[in-house]
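Chemist: here's my sequence, what's the structure:
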Amino acid sequence: MLKNDNNNYKFSIDKFYKNYLKGPRIFNNRDALEPSYIPHELPHRDVQIKDIAEKTACALFGNAPPSFLCYGQTGTGKTATIRYISQKLAQQNTEIKPWWIYINCNVVSTPYRILAHIYNTISREEKIPPTGLPKDIIFKKLLGLLDSKVRNSICFLVLDEIDILIEKKGGNEILYDLTRLNENLDQCKTSLIGISNKLKFRKTLDPRILSSLGEEHIVFPSYDAGELRDILNKRAKIAFREIVLKEDVIPLCAALAAKEHGDARKALQLLRKAGELAERAQSKSVNSKYVERAHDDLEKDHIMEYIKGMPLQAQLVLTAVYLISKYSPDHIIISGDIYEVHSEIKGFIPGIRQLTKRRISDYISELTLAGIISAEVKSMGHYGRTKIIKLDIEIDIIEKVLSEIDKIQAILNHKPTLLQTDKVKLKNNIFKKLI
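Modeler: Here you go, the predicted structure:
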């Protein structure tokens, strides 16, 4: 039995579970609403499936397909399409069965770990340790393993979120090595497939890599509301019991996700969350009320994950906005204020360099596009123009997520000098206490 501090409310976990088991069933297979679920068909991706099938079909004869890149915003079916193709290739009745190694560069992000991951996935017996060996030794061991175990087959290396790898030290070098694997192999053939959410990613590639990886590329456009409805309808037939979804649920989920750049992943999350909320409420059906509640919950979760995934400098720019808003809610925040506070608080974190006003402005624009802040440009007459900045979401949410970032926790109780009324600004970021 659980009860709250004022003893007015009691919760019986045993009773809750008994009622839950007796309650109405909403789902048949909720996993069908997971982004990782690969259905029997992928609606509205025939063009991309055909293109990739044509590129990879030669693997069935033991020939090396070209390496290529897949572009598209989050939730446009890039990874699902590659996994769908891999399943279809495996189902073909041929002697040669291709190997597939998937690497999420947001998780496995260093050259050493990428090589170790490939080796360990293929070997399954001898393991490369997480650290300690010279990279050239691992590379030679990997070449030997590919020839001895994969042999005359094809090994597809799929690098999801490949753009993250390029931002890391040694990222271009490991990509160059992976695109040149075939030159050092006697039997096995490899093909590198890169997946990126950034359409301009190719411009950041080393010219040597671009010549072998970037020449072939496939673009995944965003889904519109109608296409999202088709996707959700097919998944809902698998995921939910009959007659539990009200007619307005799927159109509403599709419309809300269409506003998020046609993100099918968001649409699936929304539908699943709405179903779970209805299930917890012991409702016999899922209606638009649960979709709206699910949308509010996911928006908060999305914002928090987005902020946690931002570069530290961007987090510090947001922290500057937060601190001014916290200690002086009526203060009209201009871009110059953000520059001053960032310059002040970056000194609390070793190794953080000073940003230019232009770079601060870029981060402000990114935060605005993400819907975390608003930045309205105002004319200041002959003084030029500036941005009037406000937090666009609850300050409590900002505080919660920033307090979970180790390097920023200690800064959150710092009152910026520009808000300290007993000090005057002399020049740049030099303040002196009033006598």
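
Chemist: what's the longest helix belonging to the chain packed up against?
Modeler: When the chain is parsed with DSSP state H, its longest helix is helix 288-309. The contact analysis (3 or more CB pairs under 8 Å, 6 or more residues apart in numbering; DSSP states H and E) places helix 288-309 against helix 249-259, helix 264-280, helix 395-402. Quick note: C-beta positions are derived from backbone N, CA and C, even for glycine.

Chemist: same thing but at 6 Å, please
Modeler: helix 249-259, helix 264-280 (3 or more CB pairs under 6 Å, 6 or more residues apart in numbering; DSSP states H and E).

Chemist: in three-state terms, how would Asp14 be classified?
Modeler: helix (DSSP: H, G, I helix; E, B strand; the rest coil).

Chemist: so what pLDDT did it get?
Modeler: At Asp14, the predicted lDDT confidence score is 92.

Chemist: same question for Ala314.
Modeler: For Ala314, pLDDT reads 93.

Chemist: look up how far Thr368 lies from it.
Modeler: Distance, Ala314 to Thr368, by CB to CB, to the nearest Å: 12 Å.

Chemist: same deal with Lys237?
Modeler: Taking CB to CB, one finds Lys237 at 40 Å from Thr368.

Chemist: part of a helix, is Lys237?
Modeler: Yes: when three-state DSSP is applied, Lys237 is found to be in a helix.

Chemist: so what's the residue count around it?
Modeler: 12 (other CB atoms under 10 Å).

Chemist: what's the distance between it and Arg83?
Modeler: With CB to CB as the criterion, Lys237 and Arg83 are 21 Å apart.

Chemist: report the contact partners of Ala274.
Modeler: Going by CB atoms under 6 Å, 6 or more residues apart in numbering, Ala274 touches Val286, Tyr290, Val291, Ala294.

Chemist: quick one, which of those are buried?
Modeler: Val286, Tyr290, Val291, Ala294 (16 or more other CB atoms under 10 Å).

Chemist: do I have it right that the last one meets Leu270?
Modeler: Put plainly, it is Ala294. Yes: in this structure, Ala294 is within contact of Leu270 by CB atoms under 6 Å, at 5.5 Å.

Chemist: so where's the chain shaky on pLDDT?
Modeler: 1-8, 214, 380-384, 421-435 (pLDDT under 70).

Chemist: so which residue is dead centre in it?
Modeler: Note on the chain: the residue nearest the mean C-alpha position is Thr74, at 7.3 Å, using CA atoms, centre = their mean.

Chemist: for that one, phi and psi?
Modeler: Backbone geometry at Thr74, expressed as degrees, to the nearest 10, gives phi -60, psi 140.

Chemist: touching, it and Ile195? I think so.
Modeler: No: checked against CB under 6 Å, the pair Thr74 and Ile195 is beyond contact range at 10.9 Å.

Chemist: run a quick neighbour tally on His315.
Modeler: Careful, residue 315 is Gln; it's not His. 21.

Chemist: ok so it is a helix residue?
Modeler: Yes: under three-state DSSP, Gln315 sits within a helix.

Chemist: do you know how far it is from Glu299?
Modeler: Gln315 is 19 Å from Glu299, by CB to CB.

Chemist: could you do Arg235 as well?
Modeler: 22 Å.

Chemist: ok, back up a step: if I look at the residue nearest to the centre of the chain, how far off is Ile49?
Modeler: Following CB to CB, the distance that separates Thr74 from Ile49 is 19 Å.

Chemist: Ser325 now?
Modeler: Ser325 is 48 Å from Ile49, by CB to CB.

Chemist: got it, and Gly75?
Modeler: Counting by CB to CB - Gly75 and Ile49 are separated by 17 Å.

Chemist: so between these two, which is more surrounded?
Modeler: Gly75 (24 against 17).

Chemist: quick check: that one touching Arg265?
Modeler: Yes: the pair Gly75 / Arg265 is scored as a contact, 3.7 Å apart, by CB under 6 Å.

Chemist: hmm, back to that, out of the buried ones among the contacts of Ala274, the closest to Pro66 would be?
Modeler: Ala294 (41.8 Å; CB to CB).

Chemist: among Arg235 and Glu299, which residue is more densely surrounded?
Modeler: Arg235 (23 against 15).

Chemist: in a strand, Ala375, correct?
Modeler: Yes: counting by three-state DSSP, Ala375 is part of a strand.

Chemist: who does it bridge with?
Modeler: Ile389 (DSSP bridges).

Chemist: now do the helices in the stretch 301-435 of the chain.
Modeler: Here the stretch 301-435 of the chain has its helices, by DSSP state H, counting those that start in this stretch, at 312-327, 335-345, 357-369, 395-402, 406-409.

Chemist: give me the distance from the first one to the chain's centre.
Modeler: Once both centres are worked out by CA atoms, centre = their mean, to the nearest Å, helix 312-327 turns out to sit 22 Å from its chain's centre.
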